[in-house]
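Enquirer: below is the sequence, then the predicted model.
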Amino acid sequence: MDTSYPREDPRAPTSRKADGAAHTALTLGAPRPPPRDHLIWSVFSTLYLNLCCLGFLALAYSIKARDQKVAGDLEAARRLGSKAKCYNILATMWALVPPLLLLALVVTGALHLSRLAKDSAAFFSTKFDDSDYD
């Protein structure tokens, strides 16, 4: 491990080659960040949110994206990582939306039943006389 100071940036352009000839270095914009493979999210989606096997599809694309990143094909890794992200979003939505809708239905059903109970309480508290049955 190199601990010498000041450290030099290995990507910094140098003004002279080894043979002493001058050269020009071009920097074409900022380097793009490495592609994300969303592997941890995919594992979580596979283990906990695997409705319709969307989590498994996300895991497969995440592994493919990681393989392409290691192989050096960054564009393919970005494309596969994007697909993994889409499948992860779908798996998360499929796992979270139905329970939330069910909870909303239970709450609105309970509110509706409580209103019905209040309205029918007056009916059951009515006292009838014997003359009403003649």
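Expert: Cool, the structure landed. Please read these numbers as outputs of a predicted model, since none were measured by experiment.

Enquirer: let me see the ranges of the helices in the protein.
Expert: In the chain, the helices defined using DSSP state H lie at 39-48, 54-71, 74-124.

Enquirer: which one of those helices lies nearest to T24?
Expert: helix 74-124 (25.6 Å; C-beta to C-beta). In this view, the C-beta of every residue, glycine as well, is placed from N, C-alpha and C.

Enquirer: ok, A60 to S82 distance?
Expert: Separation of A60 from S82 (C-beta to C-beta, to the nearest Å) stands at 14 Å.

Enquirer: how close does the residue nearest in space to the middle of the chain sit to P31?
Expert: Geometric centre of the chain, nearest residue: I89, 4.5 Å, by C-alpha atoms, centre = their mean. According to C-beta to C-beta, I89 and P31 sit 27 Å apart.

Enquirer: likewise I63?
Expert: 25 Å.

Enquirer: repeat that for L103.
Expert: Between L103 and P31 the distance, using C-beta to C-beta, works out to 46 Å.
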